[in-house]
Every structure is written in C-alpha cells, then in structure tokens.
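J.: Next comes the sequence, and after it the predicted model I'd like to discuss.
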Amino acid sequence: QLQASGGGLVQAGGSLRLSCATPERTFSAYVMGWFRRAPGKEREFVADISWSGAITDYADSVKGRFTISRDNAKNTVYLQMNSLKPEDTAVYYCAAGRTRSMSPTRYDYWGRGTLVTVSS
C-alpha cells in the first residue's frame, strides 16, 4: 500500500516535491525507488535509495536536479525535483523492493502514480 502524491502542473525551471507514504511498519526494511512513464514511452528508472538512506542512485537524465530521500519514522520517501524540464513530464511511481535496482522488475510493491506536467 504505497500512496504517491505531490504531482501537478509547473513551469519549466520550477520545482515539485513528490511524497510516497505507506502504513507498513516494515517500511524501513525496504529499498525504495521512483520510476516514471512519459506519454508513449516505457517506464524508466528515476532514482532509488537504500533502506538506511545512505546510498542513492539516479538516472543520468535527472542527476544534479532531483534528490531522493526518506524518513523512516514517517514511513515516507520523497523525490525533490528542481530545474524541471518539459521532458520530465510523466506519471511518477514509487516502488518498494529488497534490492536496489534500475530494473522495475526487481521491485515488489508499487504505488498509484502521480502526474507531473512541466510546461515550457
């Protein structure tokens, strides 16, 4: 039960922060990832974070602009998105798994997506 929120419409260069919360008490045991699916494209990896938050990884397309973080006390993972570009427009999904991976098949649980639209 993952619930993503925080999407919306923003102008290019703007910022948004996505959140993904779960009531699961085992949240801290899971690796968390963010993926996105743009219109007409395949789902792609955006970022992931280890269970402790100490290790993160990013897609090259978002490196330096997006930051993934987590608060295990609140069972929530965040994706801070800065300097947004029109090509960032997509439905964003959070996912939970046992192993950090860029492959969506390695994640066991998925939330409903949240739409991010970046206007030029």
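T.: That came in fine, so what should we check first?

J.: What is the neighbour count of residue 106?
T.: For residue 106, the tally of surrounding residues (other CB atoms under 10 Å) stands at 15. (Each C-beta comes from the backbone N, C-alpha and C, glycine too.)

J.: So what does it look like in phi/psi?
T.: phi -90, psi 0 (degrees, to the nearest 10).

J.: Please report how far it lies from residue 17.
T.: Remark: distance between residue 106 and residue 17 (CB to CB, to the nearest Å) = 25 Å.

J.: For the spatially most central residue of the chain, name its beta-bridge partners.
T.: The structure's the chain has its C-alpha centroid closest to residue 34; by CA atoms, centre = their mean the separation is 2.7 Å. Counting by DSSP bridges, residue 34 forms beta bridges with residue 47, residue 94.

J.: residue contacts, it?
T.: 18, 20, 46, 47, 48, 68, 77, 79, 92, 93, 94, 95 (CB atoms under 8 Å, 6 or more residues apart in numbering).

J.: Redo the residues you listed as TSV? Include distance to residue 11, pLDDT and neighbour count.
T.: Formatted as TSV, the contacts of residue 34 follow (distance: CB to CB, whole Å; pLDDT from 0 to 100; neighbours: other CB atoms under 10 Å):
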residue	distance to residue 11	pLDDT	neighbour count
18	17	98	25
20	24	96	27
46	20	98	25
47	22	98	23
48	28	97	25
68	23	98	22
77	25	96	31
79	18	98	27
92	18	98	23
93	23	97	23
94	24	96	30
95	28	96	25
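
J.: Could you export the residues you listed as a markdown table, including distance to residue 26?
T.: Shown next, in a markdown table, are these (distance: CB to CB, whole Å):
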| residue | distance to residue 26 |
| --- | --- |
| 18 | 22 |
| 20 | 15 |
| 46 | 23 |
| 47 | 21 |
| 48 | 18 |
| 68 | 19 |
| 77 | 14 |
| 79 | 21 |
| 92 | 23 |
| 93 | 20 |
| 94 | 15 |
| 95 | 15 |
